[in-house]
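Got a sequence here, can you model it:
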Amino acid sequence: MNKYYTKLSLDGYNVVKIPRYLINSIKKEILNDINQKISSKKFKSYNDFTKFIKKIPDEKFIKIFGNNLNRILNAKITKEINLWVEKNIPSKINSKKAALNLISKNEFQNNKLLKKNQFSAFYRVVRKNKNDVGHPHRDSSFWKMGETRDTYFKHNIVWKLWIPVFGVSNQNTLNMVHASHTEKIKISYVMKNGKKKPKISKNYITKNIKRIKKPIKDYVSEGVLFHKDMVHFANVNKSSDCRISVEFNILAK
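Below you'll find the model as predicted:
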């Protein structure tokens, strides 16, 4: 068992170095996807896009970016991400094999930009001073609701990797509740944007405020890898006009 995995298994999370070529490919494809969704505009940069979303009403923003289904990246870039994961992640999580999950039948049928059986990675857009972030939660809570995911081999463990892309700072980055993946925690459920979402109480977060960590220090070349039971959340974005990140499940055996 290597030192990286020892820390990962104890803390529930660890920082991962993301190569520059992969970050650049992801940034390019997210902007391409945004341009396909908003065909009346052709944004040349993220700054151009930021100026646009500052002016659109909440209803339009939610319609375009409120559902994960609409933010899954295309087959080309998700294959590139998966190739990097297959090569670099197994040793970090003490596994023989690791890969992104495949898109579901529903996702393929309802997003015309996707290809059948492609890998899945999706991005998030968070505006300034808007309630675009979710409640503190565990990803495993979604899986328990029936949102299971598969890949091209049988897996027995799930991790998540979150990568900053644009406008991410110490204020609006992803927070981890240290070692929370080992605890029994009460989960409640709320409706948001027409979907049922898991929620961990504010009281739990308040009681554990000293355990909250912000693992990423370099927002240009780092991501955070964490356990499916890790309690995590992002604060309302108050530091940049637009925060964009990408994330994906890692299924392993």
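
ranges for the strands of this protein?
13-17, 98-100, 122-127, 157-166, 174-177, 188-192, 195-199, 212-213, 222-227, 232-234, 242-252 (DSSP state E).

For the fourth one, buried residues please.
Residues of strand 157-166 classed as buried by neighbour count (16 or more other C-beta atoms under 10 Å): 158, 159, 160, 161, 162, 163, 164, 165, 166. In short, each C-beta sits where N, CA and C put it, glycine included.

how much does that strand deviate in direction from strand 122-127?
Angle, strand 157-166 to strand 122-127, by axes from the mean of the first three to the mean of the last three C-alpha atoms, to 10 degrees: 40 degrees.

Paired strands for strand 157-166, with orientation please.
Here strand 157-166 has these sheet partners by DSSP bridges: strand 222-227 (antiparallel), strand 242-252 (antiparallel).

So what angle separates the directions of the shortest one and strand 13-17?
Relative orientation of strand 222-227 and strand 13-17, computed by the same axes, to 10 degrees: 150 degrees.

ok, back up a step: adding distance to residue 68 as columns, could you present the strands of the chain in TSV?
Putting these into TSV (distance: least, C-beta to C-beta, whole Å) gives the following:
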stretch	distance to residue 68
strand 13-17	21
strand 98-100	14
strand 122-127	5
strand 157-166	13
strand 174-177	16
strand 188-192	12
strand 195-199	9
strand 212-213	25
strand 222-227	18
strand 232-234	15
strand 242-252	10
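
Pull up the gap between residue 29 and residue 246, please.
Applying C-beta to C-beta, to the nearest Å, the value for residue 29 to residue 246 is 9 Å.

Have a look at these two and say which one is more surrounded.
residue 246 (24 against 20; other C-beta atoms under 10 Å).

Any idea what that one is bridged to?
Here residue 246 sits in beta bridges with residue 123, residue 163, as judged by DSSP bridges.

list the contacts for it?
Counting by C-beta atoms under 8 Å, 6 or more residues apart in numbering, residue 246 touches 26, 30, 73, 121, 122, 123, 124, 162, 163, 165.

who wins for most neighbours among those residues?
residue 121 leads the contacts of residue 246 on contacts (other C-beta under 10 Å) with 27 neighbours.

Need the pLDDT of that residue.
In this model, residue 121 is scored at 98, pLDDT.

Could you dump the strands paired with strand 157-166 into CSV with mean pLDDT and distance to residue 154 added?
Output for the strands paired with strand 157-166, formatted as CSV (pLDDT from 0 to 100; distance: least, C-beta to C-beta, whole Å):
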stretch, mean pLDDT, distance to residue 154
strand 222-227, 98, 20
strand 242-252, 98, 9
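
Now that we have those, can you turn them into CSV and tack on distance to residue 113?
Listed next are those as CSV, based on distance: least, C-beta to C-beta, whole Å:
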stretch, distance to residue 113
strand 222-227, 24
strand 242-252, 16
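
Specify the stretch among those that is closest to residue 96.
Closest of the strands paired with strand 157-166 to residue 96 is strand 242-252, at 8.0 Å (criterion: C-beta to C-beta).

contacting residues for residue 160?
139, 225, 226, 227, 228, 230, 247, 248, 249, 250.

And the contacts of residue 246, which is closest to residue 96?
Of all the contacts of residue 246, residue 121 has the smallest distance to residue 96: 21.9 Å, by C-beta to C-beta.

Would you confirm that the closest one contacts residue 79?
No - using C-beta atoms under 8 Å, residue 121 makes no contact with residue 79, being 10.0 Å away.

closest one to residue 44 among the strands paired with strand 157-166?
Closest approach to residue 44 among those is made by strand 242-252 (15.0 Å; C-beta to C-beta).

Let me see the contact set for residue 123.
By C-beta under 8 Å, 6+ apart, the neighbours of residue 123 are 30, 33, 71, 73, 165, 244, 245, 246, 247.

and residue 138, how many neighbours?
Residue 138 has 23 neighbours, counted by other C-beta under 10 Å.

Alright, calling it a day.
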